[in-house]
Every structure is written in structure tokens, then in C-alpha cells.
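# show me how the following folds:
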Amino acid sequence: MISATRCTFLGCSGLGGSGNICGGQRRGYGPWRVTCMSPINDRNGSVVNVMETPLKEIKKEAVVEDVDDNPISGGGPRDVYGEDKATEDHFVTPWSVSVASGYTLLRDPHFNKGLAFTEKERDAHYLRGLLPPTTIPQETQVRKMIQHIRQYQVPLQRYMAMMDLQERNERLFYKLLIDHVEELLPIVYTPTVGEACQKYGDIFMRPQGLYISLKEKGRIQEVLRNWPEKNIQVIVVTDGERILGLGDLGCQGMGIPVGKLSLYTALGGVRPSACLPITIDVGTNNERLLNDELYIGLKQRRATGQEYSELMHEFMTAVKQTYGEKVLIQFEDFANHNAFDLLEKYRSTHLVFNDDIQGTASVVLAGLVAALKLVGGNLADHKFLFLGAGEAGTGIAELIALETSKQTNAPLDEVRKNIWLVDSKGLIVSSRKESLQHFKKPWAHEHEPVKNLLDAVNKIKPTVLIGTSGQGSAFTKEVVEAMASINEKPIILSLSNPTSQSECTAEEAYTWTQGRAIFASGSPFSPVEYKGKVFVPGQANNAYIFPGFGLGLIMSGTIRVHDDLLLAASEALAEQVSEENFEKGLIFPPFTNIRKISAHIAAKVAAKAYELGKIFLLFYLSFLNSITCFAYLKAFWKNDQGSACINNIVKRL
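Okay, here's the model as predicted:
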């Protein structure tokens, strides 16, 4: 039995192991012909490519649709699914012809359902005898698996059990994660993923993404083509130099892209097959890893300068050529000196997004907008003090300034004066401007030098204190009490990950402020009881934003990330905080509703992208002397026909 394009798995009979025929092979060697072989002749059920039966003859039997011979455009795969179908079941790629095979099918995590295969499916896919006779539905398997996961007392063991499940039965993995998201999110994501990265060499079993090292320089496009899936929509990439607050973990940082993309599927609904985790290995400066015989990466010092830049440029170029203009590239856990430069260099040529700079900023801004309903006033009425002036700190500060400027119509430079940053050398002030890194200079205001955080709090008198330093316990009792003496309801955000690096705990924040603090953290903390009242600390988790934000970018078909899209995501998240949440002290909604929250964010982001597209079209067409174009533009505005009118305009141009 054969199945090809536009057949969802198990939606038609005869889909199992697959043999991939790339577009280049198809064009280079002429029409492929396929012989279908019974598992009796080939117990592994592999595809046998021989010159016997043309695909067009197979099509006559209504089993296979013809493989499209249109050339690939835009340097990437043709969009056979449509950008508005990102959440639908996986389709077989147009290069794939598959032959059903029980043995291979049960070892394919993308399609394996274990004992959930029905009697009809077992007959259709040659599974008789390969499974016990009982059929157990997926819901029952979920109940079994969550009990199995809970048996482990050590979080890392739970992480390994979840990764093992993902490698065996992808459908069950995502169903389990979706149904128990609040319980399992700290396992597959922060904080446990940090420990997993530290010990990645010890627990490494099977590769879960692409590893691109200096050895592949000059051949990166060839490496990308080795990945079996061709219709990639999201790439999460890291070079492992600044994993969470743990520092340089080199090639072992792969745990971060894998974890992030698991959430793209579980929380945002993006197909697993459309996600590609990548680690760029340029070495490591971590002495422990360099001397560890189990370290899985290059055992050399980190490449820097031109060598690093050339490798990254080849990677970015190869991604665009291989997967097209619309593929989203999410930078993750790059060190400051590279993160800002890469984002600035490629934001005008690629669809790029830095989660540490932009994702964290969007989440925190949403929390602040929600918190204003508890403390009153607008963003312009508050004064912000950051401990930490790296990617997260400056990214959050800039997005706060953009939103404040948008609300007040005040110049950006003016609203920045209410935002102050403290780095390792003290308060960032104008007298230090010449020695500052470029991304810190906008925050160098006129003020006398201040060396420590406590003095900065007493002199600046902020209403909001935000920690992004990666320094555990940096918000001392004296600092928190100073915030409480200045404000009736001090807003304290301790955002550093993992938990051990948090600037203060939830218990400390509530206790030292006599229960008056509005608190949120980067890693999860348990509820705190203080004088008979239970406070539920919020978690400013990037998982609130990036799955929905990425889905919105994919669905809208946008090719660049505009700052207004980030603001739209923040506003959409803040809208999801209910009065019931506020009564518990929460400034973020509970994760139990995260899929609906992600869908809401995606819709708002897509709508904003569409709005920005309208503005662009008006600006562009105003320079064209074409009556026909303006007629279509008029119809576009009047009837809101959207993409149909855009396509007509493009054709006329």
C-alpha cells in the first residue's frame, strides 16, 4: 500500500516507514518509479526504488497524488500546506513515498501509537503479532505514563523519562505534556533543562537535532539537507555560550533548542516535523568540559572574530536558501557580545527573533501592564531599576520604553530617563558612557556614580525592581525592605534562571515586604503563606510568549519581526490575567490555559502583521502611478479581502 502527498497519517491506509526523494534528485534523474513490496519480501518494509511503475500510473488507482514538478522558488520548499495550516496533522512531504511496515512503524516515534493502534490499523499496517492483543486508548496511556513519571523523585530522572518517551512515541509525549503542563513544564523546560544541559554528555543517548561545528564550515547547506524533514517552519539555534545562568556549556546546550521546540508544539500547536533544533559548535571555554572524556562537542577553545562570523553567516545564508524566506530562526542563549550583533545584523534580511532579548522583554512587559491594575497609574508614572544590563535587562528596558512612548507619544529618549540599570560596576550613568558597550549607552543618564544596588534603590527610589543578573540572592533583605519603605506595593521581579540563580525567593519577597510585594520570578516557586494569607507567585516564563508569537509569525506569513509585533504579544498576554488571578497576587495567567493563551497571542500577532502589511502597501503604492493598483487597494480597504487582494496587487505590479 502506498501513500504520498496530502495524506495525513492513518487518515488513509498504508503509511509507515518512509523513503525520501529530494527535489534535486527528482529533477536530476527523471521520474522515479516505485515497486511496492509486501513485508513478506522485505521484513523491514523499506522503500525499494526501481524503474518499473511510474507514479502517474499509480495515481490512476487513486492511491497516490502526482508529485508536483514545479521548481522550488525563493530558495526553499514550496508551501504545499499553506501557512494557515500550521496546527494540522503532519502531511507527507511532496518528496516522500511511503510503504506500510509494522516493524519499522513501531520504531518511528513520529507515527508510533503503541497499544493505541486499533484493530483496523493493525491489519492495515501489518502490526499483527508485533503488539500484544489488547488495545489501550491514548487517554489510558497518559494516565499510566504520568504515574510512571511521578515515581521518580529526582527531576533529572523525570527529564530523561520524558525524553525517552519522546523518542519512542511522540504523540503520547505531547498529549502527556499538554494534559499535565503545569507539572511537566518545569521538567522539560526551566529549571530542570539547565541541569540536563550540564550533564548532557552523561545522559546523551540519541541525537535530537542538527549539530553544526567548525568541521562543517563550507558544507553547512549539505548538513541541513541531511535533516529528513524538508518543510521546516521554526529553527531554534544556540551556540551554547550562555545557557540560562549556567554559563558556557558548549555543544551540551542542545537541550535548550530541543526543549523550546517541544513547547512550540505542546503550547503553540506547531507540527513537530516543522521544528528543527540546531547547535552551532565553535568550541568551549569551559575547562571542566574540555577535560571531560564524555563531552560530546569540539574539544577546543571557542572560535571568535572573523572565524565565528563567517561560520554564522554561512549558516544564516544556508538556512534561507534551504528553507526559504519565511522560516523563523530563534536565537537562544548566545553570549551578549554575539547576541546583539547577530540580531542587529540579520533582522533586516531574515525572520529572526532572540528569545533572551525580545521574548523575555515581551513577557515581562505583559506582567508589568497587568501589575498596573493592582498599583495604579500608567507605565510613564513608574520608575524602573534593573540589576543586570545584559541581553534580558536591556531588552526588557527597551520594550518598556517603546510601549511607554507609544502610550504617551513622548520621544523615546525622554521616556528612557525613567529606566535605570545597574551592572557589575554600579549604576550606569553618563560619566561612564565612553567605556560602556554599545547596547548599554542609551541607559547612561545624568547622575552621580553609585556603586551598589542598595544605594541605587535609595537614591533612584524605583517603584519596580527587576533582576536579570544571574546572581543568586542579589536582592538582599536590606534591598527588599528599602523597596517596601518607598512603595506601598513594590513590584519585584526576580527573573534569573535556574532557581538557584534567582535574585530572591518568593518567600523572601513576601516576608520582607510584610506581604505587600507584587512578585514574579523566572523559575517556579511554590505558593507562600504569610500571616494566614496564601500568595501564589507568578512566573515570568518565556513559554507564555514564544510559542504563540512564533505561531502568529508562521500563520501570517510575515518575513520580518517588527517591534510592534512584540508589543502586540505583550498586550495580548496581559489581557488574559483575570480578576481571580489578581486576588491571588498573580500578574500572569495560570499555565493550565496556555494553549488558549498562545492561540490568543498568535491571533493578535497575525492581526498586527496584517495591519503593518496594509500600511506598507499604502506607502508603497503611493509611489506608483497605476489606476489599476489603486482600484485594488480601494477594494482591499473597503472589503478587507486581505491576502486575495494582496495577491492581485502583486500580480498587477
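# the residue nearest to Ile278 when sequence neighbours are not counted bridge partners, please.
Of all residues not flanking Ile278 in the chain, Val237 sits nearest, at 4.3 Å (C-beta to C-beta, 6 or more residues apart in numbering). Just so you know, the C-beta spots here come from the backbone N, C-alpha and C atoms, and that holds for glycine as well. Legend: beta-bridge partners of Val237 under DSSP bridges are Ile278, Phe331.
# next, count neighbours for Val237.
26 (other C-beta atoms under 10 Å).
# what residues are up against it?
257, 277-280, 315, 329-332 (C-beta atoms under 8 Å, 6 or more residues apart in numbering).
# also Ile187?
Going by C-beta under 8 Å, 6+ apart, Ile187 touches 149, 155, 158-159, 162.
# and the helices in the stretch 251-400 of the chain, which stretches?
Taking DSSP state H, counting those that start in this stretch, the helices of the stretch 251-400 of the chain run over residues 255-266, 287-290, 305-323, 336-346, 360-375, 391-408.
# tell me which of these sits nearest to Thr511.
Closest to Thr511 of those, according to C-beta to C-beta: helix 360-375, at 19.1 Å.
# tell me the buried residues in the closest one?
Applying a neighbour-count criterion of 16 or more other C-beta atoms under 10 Å, one finds 360-372, 375 buried in helix 360-375.
# got the contact list for the nearest residue to Gln233 once chain neighbours are set aside?
Leaving out its chain neighbours, the residue that sits closest to Gln233 by C-beta to C-beta, 6+ apart is Ala274, at 4.1 Å. With contacts defined as C-beta under 8 Å, 6+ apart, the neighbours of Ala274 are 86, 229, 231-234.
# which of these fall in strands?
Val234 (DSSP state E).
# kindly calculate the angle that the helix or strand that contains Leu185 makes with helix 255-266.
In the assignment (DSSP states H and E), Leu185 maps to helix 181-188. Here the directions of helix 181-188 and helix 255-266 differ by 160 degrees (axes from the mean of the first three to the mean of the last three C-alpha atoms, to 10 degrees).
# show the subsequent helix or strand relative to helix 181-188.
Going down the chain from helix 181-188, the next helix or strand is helix 192-198, by DSSP H and E.
# tell me what the longest helix along the chain is packed against?
Identified as the longest helix of the chain according to DSSP state H is helix 594-621. Judged by 3 or more C-beta pairs under 8 Å, 6 or more residues apart in numbering; DSSP states H and E, helix 594-621 is in contact with helix 546-556, helix 563-574, helix 627-639, helix 643-652.
# switch to 10 Å and redo it
Here helix 594-621 touches helix 181-188, helix 255-266, helix 546-556, helix 563-574, helix 627-639, helix 643-652, going by 3 or more C-beta pairs under 10 Å, 6 or more residues apart in numbering; DSSP states H and E.
# just the buried positions in that helix, please.
594-595, 597-606, 608-610, 612-614, 617, 621.
# okay, now the domains of the chain?
Using the TED database, the domain parsing of the chain gives 109-188, 189-354, 358-604, 616-651.
# make a markdown table from these and add distance to Tyr103 and mean pLDDT to it.
Output for the domains of the chain, formatted as a markdown table (distance: least, C-beta to C-beta, whole Å; pLDDT from 0 to 100):
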| stretch | distance to Tyr103 | mean pLDDT |
| --- | --- | --- |
| domain 109-188 | 6 | 93 |
| domain 189-354 | 19 | 94 |
| domain 358-604 | 35 | 94 |
| domain 616-651 | 44 | 46 |
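# can you add distance to Ser101 and give those back as a markdown table?
Shown next, in a markdown table, are the domains of the chain (distance: least, C-beta to C-beta, whole Å):
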| stretch | distance to Ser101 |
| --- | --- |
| domain 109-188 | 6 |
| domain 189-354 | 16 |
| domain 358-604 | 32 |
| domain 616-651 | 40 |
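# about what we covered before: would you list the helices of the stretch 251-400 of the chain in TSV and tack on distance to Val422?
Putting the helices of the stretch 251-400 of the chain into TSV (distance: least, C-beta to C-beta, whole Å) gives the following:
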stretch	distance to Val422
helix 255-266	27
helix 287-290	30
helix 305-323	30
helix 336-346	16
helix 360-375	17
helix 391-408	9
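# most packed of the ones you listed?
Compared across the helices of the stretch 251-400 of the chain, helix 255-266 shows the largest average neighbour count, a mean of 26 (mean count of other C-beta atoms under 10 Å).
# still on that earlier bit, go through the buried residues of helix 360-375 and name the one nearest Asn286.
Distances from Asn286 to the buried residues of helix 360-375, taken as C-beta to C-beta, are shortest for Thr360 (23.8 Å).
# that closest one: what's it in contact with?
354, 391-393, 395-396, 399, 468, 495, 497, 522, 540-542, 545-546 (C-beta atoms under 10 Å, 6 or more residues apart in numbering).
# Glu332 now?
The contact partners of Glu332, by C-beta under 10 Å, 6+ apart, come to 236-240, 242-243, 253, 256-257, 259-260, 277-279, 339, 353-356, 359, 542, 546.
# any idea which helix or strand carries the spatially closest residue to Trp512 that is not a sequence neighbour?
Spatial nearest neighbour of Trp512, excluding adjacent residues (C-beta to C-beta, 6+ apart): Val480 at 4.1 Å. Here Val480, judged by DSSP H and E, is contained in helix 477-486.
# that helix packs against which elements?
Contacts defined by 3+ C-beta pairs under 10 Å, 6+ apart place helix 477-486 against helix 453-460, strand 464-467, strand 491-494, helix 506-512.
# same list (the ones you listed) but as TSV, adding mean neighbour count and distance to Ile518.
Listed next are the helices and strands packed on helix 477-486 as TSV, based on neighbours: other C-beta atoms under 10 Å; distance: least, C-beta to C-beta, whole Å:
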stretch	mean neighbour count	distance to Ile518
helix 453-460	19	16
strand 464-467	28	9
strand 491-494	27	5
helix 506-512	22	9
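# and these: which comes nearest Ser485?
Closest to Ser485 of the helices and strands packed on helix 477-486, according to C-beta to C-beta: helix 453-460, at 9.2 Å.
# pretty sure Glu183 contacts Met162?
No. Glu183 is not in contact with Met162 according to C-beta atoms under 10 Å; the separation is 11.1 Å.
# okay, these two: which has more neighbours?
Between Glu183 and Met162, counted using other C-beta under 10 Å, Met162 has the larger neighbour count: 22 against 15.
# list the contacts for that one?
By C-beta under 10 Å, 6+ apart, the contact list for Met162 reads 145, 149, 152, 173, 176-177, 184, 187-188, 192, 259, 262.
# please, a PyMOL command that selects the buried ones among the residues you listed?
Of the contacts of Met162, the buried ones can be selected in PyMOL as follows, counting by 16+ other C-beta under 10 Å:
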select buried, resi 145+149+173+176+177+184+187+188+192+259+262
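# which one of the contacts of Met162 is nearest to Asp413?
Closest to Asp413, out of all of the contacts of Met162 and judged by C-beta to C-beta, is Gly259, at 38.1 Å.
# many thanks, we can stop here.
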